[in-house]
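Engineer: Any chance you could fold what I've pasted below:
(chains A, B, C and D)
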Number of protein chains: 2
Amino acid sequence: MSTTPLAAPRRATITDVAREAGTGKTSISRYLNGEMSVLSPELRARIEAAIERLNYQPNQMARGLKRGRNRLIGMLLADLTNPYSVEVLQGVEAACHALGLMPLICHAANEVEMERRYLQLLTTYRVEGVIVNALGVREETLRPVGGGGIPAVLVDRLVDGLVADMVGLDNRAAAELGTRHLLDNGFDDIWFVVQPFEQVSSRQLREAAFREVMSGVGGASGAHGPSGKDEGGKGGARGHTLVLNLAEPAAVERALAELDRAIDASGDLGGAAASVTDNATRSAIDRTGGKGRRIALFAANAPVALCLALHLKARYGADWQARVALLSIDDPEWAELTGITAIRQPTYEIGYRAVEFLHERIEGIQTTARDCLLPGELIVRASTSR
Amino acid sequence: MSTTPLAAPRRATITDVAREAGTGKTSISRYLNGEMSVLSPELRARIEAAIERLNYQPNQMARGLKRGRNRLIGMLLADLTNPYSVEVLQGVEAACHALGLMPLICHAANEVEMERRYLQLLTTYRVEGVIVNALGVREETLRPVGGGGIPAVLVDRLVDGLVADMVGLDNRAAAELGTRHLLDNGFDDIWFVVQPFEQVSSRQLREAAFREVMSGVGGASGAHGPSGKDEGGKGGARGHTLVLNLAEPAAVERALAELDRAIDASGDLGGAAASVTDNATRSAIDRTGGKGRRIALFAANAPVALCLALHLKARYGADWQARVALLSIDDPEWAELTGITAIRQPTYEIGYRAVEFLHERIEGIQTTARDCLLPGELIVRASTSR
DNA sequence: CTGTTAGCGCGTTCAC
DNA sequence: GTGAACGCGCTAACAG
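Structural biologist: Residues are numbered from 1 along each chain as shown, chains lettered A, B, ... in the order given. Here you go, the predicted model:
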């Protein structure tokens, strides 16, 4: 109370400081920019004192206006609700801190219109660059960015007609890792569950890699194709792709119903011990299989995994993991609690690298668009291994 | 590709537009500010065309520099990892959108130093106001804010020497609601688990309300006191306060050990059906109690609840809910999945109101500091009611 | 209705 | 070393 003067005193300007220090603005400016060698120690001391006395803080806006750079960068997030985003953000913040940048965080909340508005806003504020975790629509929306516009780097996903640096998970490797893990642990009926992926490159890659492994190809040839469902494969193991449009409740219900039929048709997952108990006993699994097929769900990301888990719990009770195994890309906080296996993304590093890339662009580097693919880490839990 | 000119053309300025439209800057400025009535339709059309042709976008920085307001507000979050923060943020964004404000989101990541730096940064960028979800340290750090500094509104918690508007949960009511629910459902050994609360007003209030109810007072008299442990109370029901310092692994371990002893000492929670099964059957509970006491944990917020759940699962297995009931303030996404009871905060509205308050302050309203306490909603799940 | 003239707070020549 | 003077992109009087 005593330390907070109630009158809001007009913020001191550089002019005030100059007057207070009995000198001109130039010297103050130089002081602020660390050009100490050009100031007499005596003057320097006076300036220091004046600044202290007036509690002066330079106006970044005015500064940016003149010098053409305001040290602001935009960070456009598609969905902060997804823990992935928050984690990436941590890396972004750390890097910004280290590089003297200030990130403006914008949250599109899954709305294209929002994405557009924020992008517009960012250019209006003349940010020096943008890191964008796009909604996945086409370039159209991102007009002001990349290419001829302001420097940009993409996170997690590419955008169609947009040439820019990109950093994200090595989706192909991650999906392969997960699929192989399931296969190795004796699951022979695997459902890859993913949100609509026509527009989102990362989802596409994950799904493609999954199908590739399941079809027993093993090679790296891209067997894309927009088919969408059911594959045969590897030693009798079957793979399916199930699309879960989380934005469309009715569609979700239909998809889940299809899943239910498959689960109901399959036998129990194995034995009594299927219930998650003590993950200290991760012994080699019994690949002889019980009656029916061993079914596993491979969620393409955390939101999907959560949706699946909620549904399964509602349908099969608290013990649902005895019937189905669940593996998810992304390792949300509840994964450990629930015992599902996960592939953790190097989120922090993704964010950090993104800023580094952007910084280089801002500094004028001219290389062609770069990609940085970071590996995921498999975290085996009771759900898929006993 | 065809739409992205590869040369980054210097952004058009208001001068360019003026020239292009064959007029002076003033008219452009007026057009930008919507003073249409002062422009001849003919001029207006020319301006419109010029703007379109040059893809002109006004520079907010320069604009702010002149007019003294840049429509920027700061949003300082203590911990984005806490879902609470993200949810509040949604409300903040919506309100900002509605009021034409642009929120600068700053994430202190639980570090006082960060908080200080960001606050400094925000004032440096001359934001018009700040919404702060403080770490809970003393006013010291928040020097530039509130009182004589830039307008501020506090979220969730007060800061000691800081007079400012504040909006948050009605902690007293929420804690009472939870405690009463547990009591009504026959639990007679209740542990309120909370992070260190000397510095954080919301935690203090929750804990105090809990103890008050447990001590059977019922009235609203403030029986504060920094005691910390064990109370007697209401019809033989016992209440305990357990401090869980999440930042201190060793301390966490000790606290959890104490909890374990209590749980081990108590009998089973009730019967076989204790395992979460079908929450459709929420029948009146059996208050006669089995052998021993019916023990329940009341987590003061989501991070605490998660820590508890993880620990209990590790110790008692997947079926831990058969031994202990868990009720949490905050309703994280995994609550439904796990079946714990929760008190959901009106997070969105908290954020929205905060911005409204701040906006009023910015507009110059002079009332004394206001409080806005919003009610929580009890969401009963299988954990506490069968 | 419209153009002209000052600045906003600061960085930058360029002389002193 | 130091301090005027000018300009950044824009808004706000003040004339026409």
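Engineer: any residue of stretch A:156-169 up close to chain B?
Structural biologist: Yes - using CB under 8 Å from any CB of the partner chain, stretch A:156-169 reaches chain B at A:161, A:162, A:163. For every residue, glycine as well, the C-beta is placed using N, CA and C.
Engineer: ok, now stretch A:52-59?
Structural biologist: Yes - against chain B, stretch A:52-59 shows contacts by CB under 8 Å from any CB at A:57, A:58, A:59.
Engineer: can you check stretch A:349-367 too?
Structural biologist: No - counting by CB under 8 Å from any CB, chain B has no neighbours in stretch A:349-367; the shortest distance is 10.7 Å.
Engineer: List the buried residues of that stretch.
Structural biologist: Using 16 or more other CB atoms under 10 Å in any protein chain shown as the test for burial, stretch A:349-367 gives A:349-362.
Engineer: Give the full set of residues in contact with residue A:299.
Structural biologist: By CB atoms under 8 Å, 6 or more residues apart in numbering or on different chains, the residues touching residue A:299 are A:193, A:194, A:305, A:308, A:326, A:327, A:328, A:329, A:330.
Engineer: How about residue A:187?
Structural biologist: Contacts of residue A:187 by CB under 8 Å, 6+ apart are A:237, A:294, A:295, A:296, A:325, A:384.
Engineer: one step back: so of the contacts of residue A:299, which ones are in helices?
Structural biologist: Taking DSSP state H as the definition of helices, the contacts of residue A:299 contribute A:305, A:308.
Engineer: can you list the contacts of residue A:299 in JSON lines and add neighbour count?
Structural biologist: Output for those, formatted as JSON lines (neighbours: other CB atoms under 10 Å in any protein chain shown):
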{"residue": "A:193", "neighbour count": "24"}
{"residue": "A:194", "neighbour count": "25"}
{"residue": "A:305", "neighbour count": "26"}
{"residue": "A:308", "neighbour count": "25"}
{"residue": "A:326", "neighbour count": "24"}
{"residue": "A:327", "neighbour count": "28"}
{"residue": "A:328", "neighbour count": "29"}
{"residue": "A:329", "neighbour count": "27"}
{"residue": "A:330", "neighbour count": "24"}
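Engineer: okay if I get the contacts of residue A:299 as CSV plus pLDDT?
Structural biologist: Shown next, in CSV, are the contacts of residue A:299 (pLDDT from 0 to 100):
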residue, pLDDT
A:193, 98
A:194, 98
A:305, 98
A:308, 98
A:326, 98
A:327, 98
A:328, 98
A:329, 98
A:330, 97
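Engineer: List just the nearest of the contacts of residue A:299 to residue A:45.
Structural biologist: residue A:330 (55.3 Å; CB to CB).
Engineer: What's the local residue count around the residue nearest to the closest one when sequence neighbours are not counted?
Structural biologist: Residue nearest to residue A:330 in three dimensions, not counting chain neighbours: residue A:302, with 3.6 Å by CB to CB, 6 or more residues apart in numbering or on different chains. Close neighbours of residue A:302, defined as other CB atoms under 10 Å in any protein chain shown, add up to 23.
Engineer: so who does residue A:302 touch?
Structural biologist: Residue A:302 makes contact with A:82, A:83, A:84, A:328, A:329, A:330, A:331, A:332 under the criterion CB under 8 Å, 6+ apart.
Engineer: quick one: which of those residues sit in strands?
Structural biologist: The strands, defined by DSSP state E, take in A:328, A:329 from these.
Engineer: which one of the contacts of residue A:302 is nearest DNA strand C?
Structural biologist: residue A:84 (37.5 Å; CB to the nearest atom of the strand).
Engineer: Strands of the stretch 101-250 of chain A, start to end?
Structural biologist: Along the stretch 101-250 of chain A, counting by DSSP state E, counting those that start in this stretch, strands occupy A:102-107, A:129-132, A:152-155, A:165-169, A:189-194, A:238-243.
Engineer: hang on, the earlier thing: could you dump the buried residues of stretch A:349-367 to CSV with secondary structure and distance to residue A:167?
Structural biologist: Output for those, formatted as CSV (DSSP: H, G, I helix; E, B strand; the rest coil; distance: CB to CB, whole Å):
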residue, secondary structure, distance to residue A:167
A:349, helix, 9
A:350, helix, 6
A:351, helix, 9
A:352, helix, 9
A:353, helix, 5
A:354, helix, 5
A:355, helix, 10
A:356, helix, 9
A:357, helix, 6
A:358, helix, 10
A:359, helix, 13
A:360, helix, 12
A:361, helix, 12
A:362, helix, 16
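Engineer: Up against DNA strand D, what does chain A have?
Structural biologist: Contact residues, chain A versus DNA strand D (CB under 7 Å from any atom of the strand): A:22-27, A:38-40, A:42-43, A:62, A:65-66.
Engineer: Mind doing that once more with 10 Å?
Structural biologist: Chain A comes close to DNA strand D at residues A:18, A:21-31, A:35-44, A:46-47, A:61-68, A:124, A:126, as judged by CB under 10 Å from any atom of the strand.
Engineer: So among the residues you listed, which ones count as buried?
Structural biologist: Members of the residues of chain A next to DNA strand D classed as buried by 16+ other CB under 10 Å are A:18, A:21, A:23, A:27-31, A:39, A:43-44, A:46-47, A:61-65, A:124, A:126.
Engineer: Which ones among these map onto helices?
Structural biologist: A:18, A:21, A:27-31, A:43-44, A:46-47, A:61-65, A:124.
Engineer: just these that are near chain B?
Structural biologist: Among these, the ones lying near chain B by CB under 8 Å from any CB are A:61, A:62, A:64, A:65, A:124.
Engineer: Out of those, which two sit at the greatest distance?
Structural biologist: Taking CB to CB as the measure, these span a maximum distance of 17.3 Å, between A:62 and A:124.
Engineer: Do the helix or strand containing residue A:256 and chain B come into contact?
Structural biologist: Assigned by DSSP states H and E, residue A:256 belongs to helix A:249-265. No - if you take CB under 8 Å from any CB as the test, helix A:249-265 misses chain B, and the best it gets is 15.2 Å.
Engineer: since we're on the closest residue to residue A:214 other than its chain neighbours, how many residues are nearby?
Structural biologist: Leaving aside its chain neighbours, residue A:214 sits nearest to residue A:239 (3.1 Å; criterion: CB to CB, 6+ apart). By the measure other CB under 10 Å, the count of residues near residue A:239 is 26.
Engineer: any idea how far residue A:239 lies from residue A:340?
Structural biologist: 19 Å (CB to CB, to the nearest Å).
Engineer: do the same with residue A:101
Structural biologist: From residue A:101 to residue A:340 the distance is 37 Å (CB to CB).
Engineer: ok, those two, which is more surrounded?
Structural biologist: Neighbours per residue (other CB under 10 Å) separate residue A:101 from residue A:340, with residue A:340 holding more: 26 against 21.
Engineer: With that, I have no additional questions.
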